[in-house]
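Visitor: any chance you can model this:
(one chain, ligands or ions: 1)
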Amino acid sequence: MPDRYAYLGPEGTFTEVALRTLKPDTPADAFVPCSGVDTVFESVRRGEFTGGVVPLENSVEGGVTATIAELINGEPLLISAEVAVPVEFVLVGQANTELADVKHIATHSHAFAQCRGWLARHLPDAETHTISSTAAAAQAVAEPGSPYDAAICARVAAERYKLHVLATGVGDRADAATRFIYLRRPGALPEPTGADRTSLVAFLSNDHPGALVELLNQFAIRSVNLTRLESRPTGDGLGNYCFCLDADGHVAEARLGEALMGLRRICKDIRFLGSYPRDDAGTELTPFLPRRDTTNADFHEAELWLNRIRAGEAG
Ligand SMILES: O=C(O)C(=O)Cc1ccccc1
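Guide: All right, here's what the predicted structure looks like:
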């Protein structure tokens, strides 16, 4: 069966741009739009697609809750790639629409959050309507009799739905970027590249002072740099949280492997989400700087030494 990839659709989303960036040599008919993040996860879980792409976090608005909820719950999928895409928003409408006529605007919740300032300055009285994606908003605006006068979307969506650009640079931050992840069913991990990231979810074993510090210490004592830490409710009543973490490094490396073993010993549960090459394009992330005295080779040497003394050989 030829490879087919699911993404948050319809055509013209930022997620489609992300998928095309990740799979540049793939024919367009292999990309299949889905109506929601949950549909992408479900269809990849059922094996209908080779993999799928969803947004994970934005540099202005933070985590995409629909994606994080799916990563935490349900049958686990593996993240095997990521891509950071700069997001630039335009306001679009039908050819006869003037900016002053715009009373109802549709877009994705993350797009509204990133355009709040512009909307307050230019269209303070317009009503905003949140829908499943920026391209779904553009598609709706293009329909005759649409309840929306305008959509906030990517320029590609304006072209795809033959809409007129009413305003450009609608985002409050010109440097905004969104990180997208490529998901597939569990299987062999991507090979370490030397510049990788590992994602996981940690469920603490019980609530006690210092529990989060203990978790963080598993990384700190091994000089593993964390690039994201987000607490999310587990769903089991108020006050119960799990922690979504991204760390520099690959699980095949000793320092990361040891940190995960440390977590496994102290946590109620750990969900390993994947180790995959970092994509720092368009984002300002901390460079990978292992502490001088603990290189990966030092970790490897220490493991060999432990194996030797366990085997009764001279250290
Ligand atoms: O709606 C889209 O186009 C998406 O791909 C999700 C999204 C929304 C806003 C910013 C980045 C990604």
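Visitor: from residue 64, how far off is the residue of the stretch 151-300 of the chain at minimum distance from the ligand?
Guide: Taking Cβ to the nearest ligand atom as the measure, the stretch 151-300 of the chain has residue 178 as its residue closest to the ligand, at 4.0 Å. Any C-beta I mention is one placed from the backbone N, CA and C, and that applies to glycine too. Going from residue 178 to residue 64 by Cβ to Cβ, to the nearest Å gives 8 Å.
Visitor: shared neighbours of the two, which are they?
Guide: Common neighbours of residue 178 and residue 64, using Cβ atoms under 8 Å, 6 or more residues apart in numbering, are 55-58, 110.
Visitor: may I see those organised as JSON lines, with pLDDT, distance to residue 269 and secondary structure added?
Guide: JSON lines is the format used below for the shared contacts of residue 178 and residue 64 (pLDDT from 0 to 100; distance: Cβ to Cβ, whole Å; DSSP: H, G, I helix; E, B strand; the rest coil):
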{"residue": "55", "pLDDT": "98", "distance to residue 269": "26", "secondary structure": "strand"}
{"residue": "56", "pLDDT": "97", "distance to residue 269": "21", "secondary structure": "strand"}
{"residue": "57", "pLDDT": "96", "distance to residue 269": "22", "secondary structure": "strand"}
{"residue": "58", "pLDDT": "94", "distance to residue 269": "28", "secondary structure": "strand"}
{"residue": "110", "pLDDT": "94", "distance to residue 269": "29", "secondary structure": "helix"}
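Visitor: picking up where we left off before, in terms of neighbours, single out the busier of residue 178 and residue 64.
Guide: Taking other Cβ atoms under 10 Å, residue 178 and residue 64 do not tie; residue 178 has more neighbours (26 against 23).
Visitor: just want the most central residue of the protein.
Guide: By Cα atoms, centre = their mean, the chain has its centre lying nearest to residue 56, at 1.9 Å.
Visitor: farthest pair in the shared contacts of residue 178 and residue 64?
Guide: Farthest-apart pair in those is 56 and 110; separation 11.0 Å (Cβ to Cβ).
Visitor: overlap in contacts of the two?
Guide: Shared contacts of residue 56 and residue 110, defined by Cβ under 8 Å, 6+ apart, comprise 64, 178.
Visitor: confidence score at the residue nearest to residue 33 when sequence neighbours are not counted?
Guide: Spatial nearest neighbour of residue 33, excluding adjacent residues (Cβ to Cβ, 6 or more residues apart in numbering): residue 9 at 2.2 Å. On the pLDDT scale, residue 9 is placed at 96.
Visitor: with residue 74 instead?
Guide: At residue 74, the pLDDT value in this model is 87.
Visitor: hmm, it is touching residue 37, no?
Guide: No. Using Cβ atoms under 8 Å, residue 74 is not in contact with residue 37, being 11.9 Å away.
Visitor: which of the two has more residues huddled nearby?
Guide: Between residue 74 and residue 37, counting by other Cβ under 10 Å, residue 37 is the more crowded of the two (24 against 12).
Visitor: how near is that one to the ligand?
Guide: Per Cβ to the nearest ligand atom, to the nearest Å, residue 37 is found 9 Å from the ligand.
Visitor: can you classify residue 171 as helix, strand or coil?
Guide: Here residue 171 is coil, with the state taken from DSSP: H, G, I helix; E, B strand; the rest coil.
Visitor: just the C-alpha atoms of the helix or strand where residue 268 lies, please, in CSV.
Guide: For residue 268, the host element (DSSP states H and E) is strand 267-277. The C-alpha coordinates for strand 267-277 follow below in CSV (Å, rounded to 0.1, in the frame of the first residue of the first chain):
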residue,chain,number,x,y,z
CYS,A,267,7.0,7.9,39.1
LYS,A,268,3.6,6.1,39.1
ASP,A,269,3.8,5.9,35.3
ILE,A,270,5.8,7.2,32.4
ARG,A,271,4.6,7.5,28.9
PHE,A,272,7.5,7.6,26.4
LEU,A,273,6.4,9.6,23.4
GLY,A,274,9.5,9.4,21.2
SER,A,275,13.0,10.5,20.4
TYR,A,276,13.4,12.3,17.2
PRO,A,277,15.6,14.9,15.4
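Visitor: can you list the helices and strands that it packs against?
Guide: For strand 267-277, the packing partners by 3 or more Cβ pairs under 8 Å, 6 or more residues apart in numbering; DSSP states H and E come out as helix 65-72, strand 78-86, strand 196-204, helix 254-266.
Visitor: direction included, what does that strand pair up with?
Guide: Here strand 267-277 has these sheet partners by DSSP bridges: strand 196-204 (antiparallel).
Visitor: tally of neighbours for the residue lying closest to residue 32 once chain neighbours are set aside?
Guide: Leaving aside its sequence neighbours, residue 32 sits nearest to residue 6 (Cβ to Cβ, 6+ apart; 5.3 Å). By the criterion of other Cβ under 10 Å, residue 6 has 25 neighbours.
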